[in-house]
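1. Turn this into a structure:
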Amino acid sequence: MQAPSVGGVMLPRGNGETIRLSRGASLTDFAEKINANPASLVAVMMNLGEMVTATQSVSDETLQLLGGEMNYTVQIVSPEEEDRELLESFDIEFGENEGGEEMLVARPPVVTVMGHVDHGKTRLLDAIRKTNVVAGEAGGITQHIGAYQVATEVNEEERRITFIDTPGHEAFTAMRARGAKSTDIAILVVAANDGVMPQTIEALNHAKAADVPIVVAVNKIDVEGADPTKVRGQLTEFGLVAEEYGGDTMFVDISAKQGLNIDKLLEAVVLTADAALDLRANAEQDAQGIAIEAHLDRGRGAVATVLVQRGTLRVGDTMVAGDAYGRVRAMLDDKGQNVEEAGPSTPVLVLGLTNVPGAGDNFLVVDEDRTARQIAEKRAARERNAAFAKRTRRVSLEDLDKVLKAGEIQQLNLIIKGDASGSVEALESSLLQLDVGEEVDIRVLHRGVGAVTESDINLASGSDAIVIGFNVRAEGRATQMAEREGVDVRYYSVIYQAIEEIEAALKGMLKPEYEEVELGTAEIREIFRSSKLGNIAGVLIRSGEVKRNTKARLIRDGKVIAEELNIVGLRRFKDDVTEIREGFEGGINLGNFNDIKIDDVIATYEMREKPRG
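-> The predicted structure follows:
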């Protein structure tokens, strides 16, 4: 088959061979792989009806479309694979215990508490670590992922367990899924009085997808209407069969409020870990793990909660977490005490990073600051390209004109600032999943951790964006600047409130849809002729009510004779009225329309805006 020719230049055509490209690659990257001129690939894309520049990050679909045209199979490298290849280029192995079996030591299990909102997850964590988190949370919903370590006694031996505290509302699905990925065991909290709810199933599916054993905590057994047996029966349908029914899932009946059977639950976690998992790690190697949460602290800079998964993290180590790097200046444990080192399965708060990593980013310790900086910069560039590719709207030549016309595609631009990277990411992910039809598009121009700044307001005013501040406020002169520029800044402390308001705003941007609503029908009993007004129908209102200045149609023998008529005048005896109700008589003037007969029916209606569901 002949190679495609553009402007007389022959392009190299593949034989179906595979080209590996990273997310957000450009046509220049593609051209380098096949030894072609990027300009000729731009021309190919124009022939395909897509306007793309040579250096622009393009979506996966665009790369595959071009690959198909050039007879190449395009394989988009997954973020995980990309990251592994990046680390391999620095001779770093991530995710592996170094050394042989003799180097491995037992580590505590890492547990995530999941379940439906209001089923008592936070209260259970309170009961476990004897502190009150609920009081400080807006709306009683946990807003951040934290991590805590507790000790319990099993068979007269002290055993430690690390808890990751994932937020409870459905808006945090993204973070909950991530919590499960960094987890050894999931505790599924189900209220004995409510039973299995939609989010219970959602949490269960996340735990199953992460392939982690589940321990079920049947909470609120002290509440009226509690039926722990019913919960066991319901969960059997989802493949969780209690040990007493011959299954392998441990169910523990608890009351987080009364502190009942908490020790039994911790014992069940330890026993499940011993039976189902081999929890060992090398404590001697350079530390590796995951950033659970991160935020910007006014006095201390970027602060990240990290969970060490293997190795030992020490003060003074150089670490990379996502696209952030730095030397560990200090570490605090879950009680706020300074610590010098943290071994496997230990959560610590780390100070000293250059910027705020994302929740769920992996971290690793490297030998040199220079290596850390290079890895962080490459990761940042990769994320930037992927983000640009995601934001790029694919515009074909056929509909270019349509898109440019204002109002054809409406777009709501947002800038999201929050107190912690996990919250920002969860909010962004929830907003981008809002589905209000194809007419309106949502675009996040910028997201970040920290207060709303003047540069955020500048960006918003230049691109007609709304600024969302989640648990943060504007700093310095940003508030005055927003007022001056007319930028809308919204502040929220509960995430689902933000989602509901943005959804309402999106629905408000949609072009209204109208539906016809029948108001009333009138049967013509007599016809009065007026030299000034034409024919006036003497009517009896059969149903509903007839109002002045509404639309009407005339029906004769069941057939519509005339449409789009107007009720110009309405009289009761000698008085002008605005409406006549069912069962009453009156006179109707249809303006210039005079073709009316006795027994005709006048049906009146109005067009009402249809609420969007």
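2. going forward, measure contacts and count neighbours with C-alpha atoms only.
-> Noted.
3. Would you mind measuring from residue 24 to residue 81?
-> To residue 81, residue 24 is 15 Å away according to Cα to Cα, to the nearest Å.
4. who has more neighbours, those two?
-> residue 24 (24 against 11; other Cα atoms under 10 Å).
5. quick one: low-confidence parts of this structure?
-> Scanning the chain for pLDDT under 70 picks out 1-12, 14, 79-80, 95, 130-145, 166-181, 389-410, 436-440, 507-513, 610-613.
6. what's the longest helix in it?
-> helix 369-391 (DSSP state H).
7. Please identify the buried residues of that one?
-> Neighbour-count burial for helix 369-391 flags 369, 371-373, 375-377, 379, 382-383, 385-391 (criterion: 16 or more other Cα atoms under 10 Å).
8. go on, stretch 272-289?
-> Within stretch 272-289, the residues scored as buried using 16+ other Cα under 10 Å are 272-273, 279-289.
9. quick one: contacts of that stretch?
-> 94-95, 97-99, 103-109, 184-185, 213, 215, 250, 306-313, 343-344, 362-366 (Cα atoms under 8 Å, 6 or more residues apart in numbering).
10. swap in stretch 375-394?
-> Outside stretch 375-394, the residues that touch it by Cα under 8 Å, 6+ apart are 23-25, 50, 57-60, 83, 86-87, 320-325, 443.
11. Out of the residues you listed, list just those in strands.
-> 320-321, 324-325, 443 (DSSP state E).
12. Of those residues, just say which sits nearest to residue 113.
-> Taking Cα to Cα as the measure, residue 113 sits nearest to residue 321 out of those, at 24.5 Å.
13. contacting residues for residue 415?
-> 444-447, 456, 460, 465-468.
14. same thing but 10 Å
-> 428, 443-448, 452, 456-457, 459-460, 465-469, 489 (Cα atoms under 10 Å, 6 or more residues apart in numbering).
15. now these: which count as buried?
-> By 16+ other Cα under 10 Å, these give 428, 443-445, 447-448, 452, 456-457, 459-460, 465-469, 489 as buried.
16. Sitting in helices, which of the residues you listed do you find?
-> Using DSSP H, the buried ones among the contacts of residue 415 in helices are 428, 456-457, 459-460.
17. Output those residues in CSV, with distance to residue 157 appended to each entry.
-> Below are those laid out as CSV (distance: Cα to Cα, whole Å):
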residue, distance to residue 157
428, 45
456, 54
457, 57
459, 58
460, 58
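18. for these, which one is nearest residue 576?
-> Using Cα to Cα, residue 460 comes nearest to residue 576 of these, at 54.2 Å.
19. And the closest one, how far from residue 477?
-> From residue 460 to residue 477 the distance is 15 Å (Cα to Cα).
20. that older thread, biggest separation within the ones in helices among the buried ones among the contacts of residue 415, which pair?
-> Using Cα to Cα, those span at most 18.5 Å, a distance reached by 428 and 457.
21. what about residue 184, how many neighbours?
-> Neighbour tally, residue 184, other Cα under 10 Å: 23.
22. thinking it is in contact with residue 113, fair?
-> No. If you go by Cα atoms under 10 Å, residue 184 and residue 113 don't touch, sitting 11.4 Å apart.
23. in which helix or strand would I find residue 359?
-> Using DSSP states H and E, residue 359 is not contained in any helix or strand.
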